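**Student:** just the structure for this:
(2 chains)
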Amino acid sequence: MHSAPISADEQQRLEALRALLILDTPPEERFDRIVEFAAAEFDVPIALISLIDEKRQWFKARAGLGVCETPRDISFCGHAIHCDNVLVVPDARVDERFVDNPLVLGEPFIRFYAGAPLIMPGGQAIGTLCLIDTRVRRLDATDLSILSSLRDLAVTEMLAPADTPEVRA
Amino acid sequence: MNLQRVPARAQNMTVPASAPPDSPRHSMLLVEKDPLLRRTVALTARTLGIAHIHEAASQASAFRMLAERSYHGAVIALDFGERRYAQYDFSLLDEIRTSADPAIRDMPVAVLVDRCDALLLQELRHRQVTRVILKPFRARTLIDTFSEFLPRQRQAGQASA
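**Tutor:** Just a heads-up that it's a prediction; the model follows:
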């Protein structure tokens, strides 16, 4: 297993994340709706808005997953934040970065992962909007674009004041 | 000249409101209450260069938008309007199909409905509805529908040329 890497701009990345004052805050409907929409759109059992803190990934919104955080070093999202585009792992069991990852070998038995980095205006990737499935999957260009659009909407919500959501039922 | 360096990631970031590399030439109308579905479809269609989607949250908004300009196609979520629990409100479809502007009158139209029976299908056929999309509504389905409208427009353009 390859542990999630730490980049040279880690301190600035953490500052950008903490400036949002979003870590360990209660669930919010505006983010819950995005992950629920993503899970339904892509027909996956798990969709998350994951924020990569210093030692953990913490889920601001989660559909289909019981835990609210996992260690950063075993996180898929810890890899995805280093990608300019969406990180797609069609089958984690044949990917050397993840083949012996505890999240692959045990609950939630990840096979497929797609994570779109949440990039702040200063360029720091603070987390991801991600999809997880227990079966092998592939995404085409339209799927990737839809996931990126949902990611953009999540970023817009994060940068907007909580009392003026742009995505509301 | 005073140039500031911008982080590589900042240059590549995707911001919803920003202009895509190639602005789509086609303008289409999406009438749908759910802002998340609407925004996702509009952003994705623009990113993929399919069309510029004009969003209407209600049929009332769509009436106003149709009075201002024409579109190359429309996807319309039908609702019950004033006739709650009775039958779908076809007034927007009728407005389109009886428009004095041939660009509006002849544009391809798809509808979103919760369910569809033979009677409703007959009403929709009568109004030259191109496609009926049933719940659950997925962004992918709507984007594919807008894509399917493009060749129809090209064919129509060639026929009238």
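
**Student:** residue 119: neighbour count?
**Tutor:** As the question left the chain open, I've gone with chain A. Residues contacting A:I119 under the criterion other Cβ atoms under 10 Å in any protein chain shown number 24. For the C-beta atoms, the positions are set from N, CA and C on the backbone; glycine is no exception.

**Student:** ah, I was thinking of chain B
**Tutor:** B:L119 has 9 nearby residues by other Cβ under 10 Å.

**Student:** show me what secondary structure element comes after the helix or strand harbouring it.
**Tutor:** Secondary structure from DSSP states H and E places B:L119 in helix B:118-126. Later in the chain than helix B:118-126, the nearest helix or strand by DSSP H and E is strand B:131-134.

**Student:** residues of that next one that come out buried?
**Tutor:** The neighbour-count check on strand B:131-134 (16 or more other Cβ atoms under 10 Å in any protein chain shown) flags B:131, B:133 as buried.

**Student:** tell me what it is packed against?
**Tutor:** Strand B:131-134 makes packing contacts with strand B:109-113, helix B:139-160 when contacts are defined by 3 or more Cβ pairs under 8 Å, 6 or more residues apart in numbering or on different chains; DSSP states H and E.

**Student:** which residues are in contact with the helix holding B:L119?
**Tutor:** B:88, B:90, B:93, B:111, B:113, B:116, B:132 (Cβ atoms under 8 Å, 6 or more residues apart in numbering or on different chains).

**Student:** what residues does chain A have near chain B?
**Tutor:** A:33-34, A:37, A:40-41, A:84, A:119, A:121-125, A:141-143, A:145-146, A:148-153, A:155-156, A:166-169 (Cβ under 8 Å from any Cβ of the partner chain).

**Student:** among those residues, name the ones in strands.
**Tutor:** Members of those lying in strands (criterion: DSSP state E): A:119, A:125.

**Student:** which of the residues of chain A next to chain B are buried?
**Tutor:** Buried among the residues of chain A next to chain B (16+ other Cβ under 10 Å): A:33-34, A:37, A:41, A:119, A:122-125, A:142-143, A:145-146, A:148-153, A:155-156, A:167.
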